Every structure is written in structure tokens, then in C-alpha cells.
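Undergrad: How does the following fold in three dimensions:
(2 chains)
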Protein chains: 2
Amino acid sequence: MKESLIKDIGEQGLLKIVQRFCPQDIIGDDGAVIPAPNSGKSLVVTTDILVDGVHFSDRTTSGEDVGWRCVAANLSDLAAMGASPLGITVGLSLPGDIPVYWVNSLYQGMSQCLEQYNTPIVGGDICRSSIITVSITAFGEVFPHHAIRRSTAKVGDAIMVTGFHGASRAGLELLLNPELDKCLDAAEKLALIQAHQRPKPRLDILPLLSKIQNPNSKIQTPNFPISGMDSSDGLADAIAQICRGSQVGAIIERSQIPIPPALNWLVSPSSVWDWVLYGGEDFELVLSLPHELAEFLVQELGAGAAIIGTITPGDEVWLRDSSGVYSDELLTMTRGFQHFSSDIARDN
Amino acid sequence: MKESLIKDIGEQGLLKIVQRFCPQDIIGDDGAVIPAPNSGKSLVVTTDILVDGVHFSDRTTSGEDVGWRCVAANLSDLAAMGASPLGITVGLSLPGDIPVYWVNSLYQGMSQCLEQYNTPIVGGDICRSSIITVSITAFGEVFPHHAIRRSTAKVGDAIMVTGFHGASRAGLELLLNPELDKCLDAAEKLALIQAHQRPKPRLDILPLLSKIQNPNSKIQTPNFPISGMDSSDGLADAIAQICRGSQVGAIIERSQIPIPPALNWLVSPSSVWDWVLYGGEDFELVLSLPHELAEFLVQELGAGAAIIGTITPGDEVWLRDSSGVYSDELLTMTRGFQHFSSDIARDN
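TA: Prediction:
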């Protein structure tokens, strides 16, 4: 039987598929009317575009996984602002010769991720194009004085991560070069691939932040003391951006950075460090905050969470190794911004 | 001198250009924190994608005009919900060989339109792709019981339009076939081209709706009585969608539909009617509401606003001509949904 394509079902048919994934009471109008943030809270808005050949590829990513990752990237941005999600809109442009099942699985993947966080798709647009592009805007709510910003890190703060880095990059490598997996047991392999295909936005930090914000909490402080961002573009990039945004420097202790143990069986130590620092897409949070709060969060978050360094005066970010194996390294942001400098034709 | 291209300035350079058009206090973080809707109001969200070769073409549209029209389309969706704009996000994906000046002019066009309505660009994303795609999400605020929906038209309501239809399509034709303009004077020609390149979202209706909503107004009614949508996909499509959404029919009186007089000098009567009913992109509002409210709005809005028909029981939308020149015509939605059915390869 001939596979059904988008151009066979037309825009009406495509709309019907897409609308199945939206709450029935808010679709089918010029815009969606949704409840405003709770009293006293501000609106947080974030947008991400994912383009076929740049952010995903059908060699390594199913429609479901593309959907999950698009949503996870946006919800991670909300988590990185300390905001609870309210909803997302989805703009999808695609060629007519894409199979209908692919679009179905894309929305299924988005829904699977959204369901974890009780977040609806409230609207969107569909359009034909020569290349698949998924554009998501997510909105959430936060008390304005509790927003986690990149610009408020203070000298003396601890720098902490909410989980492991390098796992997503390792998962991608396993998908591209399956022969590598000989060194891993099935559970290790699955964990790394899942880290790449099904990353989890760290919205689980929000109830912990509520404890800090709670006026009865012992660790209450008068000014909201947490700065940070997510590590979607890599751990090194996140640290460098926080430091640049806050006009401070940092010292990172290499031995304190949690690394998934399986990485050491897969590739050489220099590749491991490349993946950990620059691999990206782990969607962990990198936070700058007073040591006692960092210790509280690390204890609550469990495996992979750790204090990895300290904010310093100046503007340099140093990666140190107190064991002396590696020499000190000055981190720069250069590696995080290669999208347009690289050969544009290559991936398209 | 060699023209500067996006791939020459890289993502960092592109970000600097884009950020010039955003308020400085809300950019540069994982998300934008903006004030929530005023107390008691709901959030309205709407998304539109515009793709090069589908929604615009550099034969007929400069970067500035693309920017203006993207914004106008989204603000029109807010107007069509009765919502005041709060802000927009812009997702832009584009090839590296696009000139830098084009991106600058795109954002200039967006800003020019946004300035008319005091609306900021609060965030966005940029990404390389093989085709220019502009994805805008606009959000606004409305009292939930004052939202203009497609689904609440009532039998006996007047159907009104806020302005002329067919002008945008005529403007496009003048751009594609400049020899046509011999029949028009300069002012007529400019007006039609402006209608295509610089359409105005009908947010000017919001203060008029406030008068209706005002409890001291003589024309106050207990339930918000206005249904409607914008005519971005054509006048016939808007009427048909309102009727389908409200499970009603309509009779439209052909002679009551306001047509820009210049259209009659340009093309044959049958082409004029094609442009008026199916041309699209006029970004007027099509409203269904009690006759006395419609009369009030028509009087306030001026040229091009008119009552053009009545909501009827049933599910058929008839176009009638009481002068007897045209026979009765049953309008269908088919023509509004041809995007994916057409040959996808043609425009790309």
C-alpha cells in the first residue's frame, strides 16, 4: 500500500491530525485564550527553532524523538528562568512529501514530554516549506523577583550543575557509530542514548526552589540569590555566558565535574572532556548561588549534581586540575557560536 | 566592495543586529520576563509562520515589507480576538548567503509596524537553514468574556467588515505586472501597493469595543455579543469559517461589499470578485454582531466598513445579488485550503 503523504491529505487533513494533540476548548480561533499567570507572577516567554539537518537528522532521530527534544529544549529554558510552564505554541513547516506518520509521531513525542509537566499545546501554525522546521514558543510564570538570570552571579558564589554532562553527546556517537557499544552493557548504552533522544528539562528543581523561597525556610535569604542558565549549548558555554552576563570570572575544578562513568569506556580522555565541556544538549542547569544553598540543592537532586567551582573577580574562566594531570585551561565562548561560520551548505 | 553576508558575521554578529531591535532590559537570558496581563484579563497567544516562496518573494517584497507583514499578520490575529498586544517573539531561520542588510531591513520593517502599536520584540531565536522562515508568536491580553470568537455568531446577527477587500491582491498584481498601472493615477496605485506591502492590523477597533464594553455605554449588552475573525485567508473563507464554527449559515448581499473603486479599472468584473472574495491578506475583521452595534462600528470606522449580510439558520453561505446581475452563489471553504494540495515543488 502506498504510504500516505502530507500533500495527499492537504492542509485540512494535517490540521485534523495536529488538533488531536491540543485541548479541544482552545483551538480553532485566531488565537488561544488561556489563563494569565497567577497573581503577582510575571510571564516568561522563550522561543527555539529546530531545523532538519542542523538540529536533528533522520539518521539518528525519529519523529517522536524530534518532538520530545523540541519540547524539552523549550521547557529547559523555562526551568533555567525558574518558571513553571503554562503552555506552548508549535509552528511547523514541512515539505509535502513527508509521510503523515512522521508528523503524527512528531506530535506524539511532543505530547509525551509535555504530559510529564502537565503542559498543553495551545496553538500553532502549519505551512509547507522545502525543509522541516519546528518553531516552539513556550510560556511560563515566575514571581519576577524569583527569576533566575544570567546577570546576577556574585563573587564567592558556588557554581553548581544539576546533573551529568557529556551524556547526550555520547548517546549521539553511539547512534552514529553503533560498533562503539561493545564496551558498554545494555543499561549503560540505553542511558546514554536516552540522554540524547529523551533529555529531561530540570523542572524538578522548581519545588526545591520553592522551599528556598518559602519564608519559613531556614535557608531563606532576603534577595533571591540564584543566577544561572541551562547547558543546552554546552557546560563551558553556560559558565562563560553567566560570567560574561554578570561581569565576573570563575574557577572550575576539573575533578569536581560529574562525568557519566560509561564515557571513559567509549573514547579517549581528551574526547571525554570535549564532550563534557562542549558536547551540549544535556539540558542541565548551571547555577551560581551561595554555598549553603548549593549544598542543599546538590543533596536533594542526587546523582550528577555537584558544586564544580567558584565565582571570582575579573572576567576569566579557568579550568583547574588540582591533581596536576591537566594544565590550567582558559575557557572561551568561541566554540559555542559556530553555527553560521561553518559551511552552510554542508548540512543542508 | 563585497557585500557582507550572514555567514561572514556569524551567529554572534547576527545576534548583535537582532538585539538592537529588542528592549535592552529583557534580552540575553534563557527567556524574557515580561509583565503579566492586567488583573482579570487572560493571555491570548497566536503563531504565524512565513516561508520564502510561499508567503513572500523577493520579486515583490523587500526585507522591510516582509518584516512589516509578518508582524501585521500576527497583530491582526490579536485584533481578531479583541486582544491588546503585549509583545512578540521572532524565530528567524535563514541561509548564510543572505546579505546582512536584508536581515537589518527585516527587523526595521517589524519595528516600524510594532511601533504603531507600542509593542516590543521580547525574544526569539536565530538559526541557519536552507530557506528563509520567519516564525512569530504574538501575545496579548483580553478580558476572557470579551474575547471575539468564531463560534458565537447568532441567527439574526449582522455580518460586517471593517474595511475594503481585494486591495492587497490588486497591489500584488500591480507589483507583478507594472504595465497594468496605466489605468490608475499615482495615489490609487500607491494605495493598492501599500495595502499589499503595509497592511494595517485593525487594532483601532479595540477602543471602539471598549466603548461597547463600558457599563455606562448606552449600547451595553449583558453578554458579549461579538463573534468574528480576520480576513487574512480571504473574505469568503472568513465568513465560511465563522458560520462553520458557529453552526449557522449566512446570506451575503453582493452589492453591499465595499470594493476599492480602482479595482474596476484594473481587471474584468469576474477577476475583481475573485480578488475581493478570495484574494486574502487584507487583514480586515469580519464580525457577526447585533445590527445596532454593527451600525455603531461602521459609523466610527469610516471608509470601507459596512454591513454586508445576515446570519441565518442552517449551514449554507449564500452570496446574493438583489440587482439580478449575478446569480446566487454558494460559498465553500475549499479554496482557502489549497496550500498542501498544490504542487509543493513549484514555489520552492
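Undergrad: where do the strands sit along the stretch 1-150 of chain A?
TA: A:32-34, A:42-51, A:84-94, A:121-128, A:133-142 (DSSP state E, counting those that start in this stretch).
Undergrad: May I have the beta-bridge partners of A:Leu92?
TA: Beta-bridge pairing of A:Leu92 under DSSP bridges involves A:Ile126, A:Val134.
Undergrad: you'd agree it is up against A:Ile136?
TA: No. Contact between A:Leu92 and A:Ile136 fails when scored by CB atoms under 8 Å: they sit 9.5 Å apart. From N, CA and C alone the C-beta is placed, and that goes for glycine too.
Undergrad: Now distance to B:Val276 and mean neighbour count too, for the strands of the stretch 1-150 of chain A, in TSV please.
TA: Rendered in TSV, the data for the strands of the stretch 1-150 of chain A read as follows (distance: least, CB to CB, whole Å; neighbours: other CB atoms under 10 Å in any protein chain shown):
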stretch	distance to B:Val276	mean neighbour count
strand A:32-34	30	24
strand A:42-51	36	26
strand A:84-94	29	25
strand A:121-128	25	24
strand A:133-142	33	28
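Undergrad: So in chain A, which helix runs the longest?
TA: For chain A, the helix with the greatest residue count under DSSP state H is helix A:63-80.
Undergrad: just how off-centre is that helix within its chain?
TA: Offset of helix A:63-80 from its chain centre (CA atoms, centre = their mean, to the nearest Å): 7 Å.
Undergrad: and it, C-alpha only, in PDB?
TA: C-alpha atoms of helix A:63-80 as PDB (Å, rounded to 0.1, in the frame of the first residue of the first chain):
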ATOM      1  CA  GLY A  63       9.700  11.900  14.600                       C
ATOM      2  CA  GLU A  64       8.900  11.100  18.300                       C
ATOM      3  CA  ASP A  65      12.400  12.000  19.400                       C
ATOM      4  CA  VAL A  66      12.400  15.200  17.400                       C
ATOM      5  CA  GLY A  67       9.100  16.200  19.100                       C
ATOM      6  CA  TRP A  68      10.400  15.300  22.600                       C
ATOM      7  CA  ARG A  69      13.600  17.200  22.100                       C
ATOM      8  CA  CYS A  70      12.000  20.400  20.700                       C
ATOM      9  CA  VAL A  71       9.700  20.500  23.700                       C
ATOM     10  CA  ALA A  72      12.400  19.600  26.200                       C
ATOM     11  CA  ALA A  73      14.700  22.400  24.900                       C
ATOM     12  CA  ASN A  74      11.900  25.000  25.500                       C
ATOM     13  CA  LEU A  75      10.900  23.700  28.900                       C
ATOM     14  CA  SER A  76      14.500  23.600  29.800                       C
ATOM     15  CA  ASP A  77      14.700  27.400  29.000                       C
ATOM     16  CA  LEU A  78      11.700  27.900  31.400                       C
ATOM     17  CA  ALA A  79      13.400  25.800  34.100                       C
ATOM     18  CA  ALA A  80      16.500  27.900  33.600                       C
END
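Undergrad: still on that earlier bit, of the strands of the stretch 1-150 of chain A, which shows the lowest average pLDDT?
TA: Per-segment mean pLDDT for the strands of the stretch 1-150 of chain A reaches its minimum on strand A:32-34, at a mean of 88.
Undergrad: who touches that one?
TA: For strand A:32-34, the external contacting residues (CB atoms under 8 Å, 6 or more residues apart in numbering or on different chains) are A:26, A:86-87, A:89, A:122-123, B:42-46, B:81, B:142, B:144, B:147.
Undergrad: same thing but at 7 Å, please
TA: A:26, A:86-87, A:122-123, B:42-45, B:81, B:142, B:144, B:147 (CB atoms under 7 Å, 6 or more residues apart in numbering or on different chains).
Undergrad: so A:Trp318 sits in a strand?
TA: Yes. With DSSP: H, G, I helix; E, B strand; the rest coil as the criterion, A:Trp318 is part of a strand.
Undergrad: what's the spacing between it and chain B?
TA: Here A:Trp318 is placed at a distance of 22 Å from chain B (CB to the nearest CB, to the nearest Å).
Undergrad: Give the bridge partners for that residue, please.
TA: A:Ile251, A:Leu330.
Undergrad: Does it touch A:Asp328 like I think?
TA: Yes. Proximity of A:Trp318 to A:Asp328 meets the contact threshold set by CB atoms under 7 Å, at 5.7 Å.
Undergrad: Looking at these two, which is more packed in?
TA: A count of neighbours by other CB atoms under 10 Å in any protein chain shown puts A:Trp318 above the other of A:Trp318 and A:Asp328, at 16 against 10.
Undergrad: Now for that one: which residues touch it?
TA: Applying CB under 7 Å, 6+ apart, the residues near A:Trp318 are A:Ile251, A:Ile252, A:Asp328, A:Leu330.
Undergrad: give me that answer again for 8 Å
TA: Here A:Trp318 is in contact with A:Gly249, A:Ala250, A:Ile251, A:Ile252, A:Asp328, A:Glu329, A:Leu330, A:Leu331 (CB under 8 Å, 6+ apart).
Undergrad: before we move on, the earlier item: kindly spell out which helices and strands sit in contact with the longest helix of chain A.
TA: Secondary-structure packing of helix A:63-80 (3 or more CB pairs under 8 Å, 6 or more residues apart in numbering or on different chains; DSSP states H and E): strand A:42-51, strand A:84-94, helix A:100-115, strand A:133-142, helix A:186-197, strand A:227-230.
Undergrad: switch the cut-off to 7 Å
TA: strand A:42-51, strand A:84-94, helix A:100-115, strand A:133-142, strand A:227-230 (3 or more CB pairs under 7 Å, 6 or more residues apart in numbering or on different chains; DSSP states H and E).
Undergrad: Is there any residue in the very next helix or strand once past the shortest one that contacts chain B?
TA: So the one you mean is strand A:227-230. Later in the chain than strand A:227-230, the nearest helix or strand by DSSP states H and E is helix A:235-246. Yes. Using CB under 7 Å from any CB of the partner chain, helix A:235-246 reaches chain B at A:Gly245.
Undergrad: the domain parsing of chain A - what is it?
TA: Domain assignment of chain A by automatic domain parsing yields the ranges A:6-143, A:148-340.
Undergrad: Single out the most deeply packed of those.
TA: Greatest average neighbour count among these goes to domain A:6-143 (a mean of 22), per mean count of other CB atoms under 10 Å in any protein chain shown.
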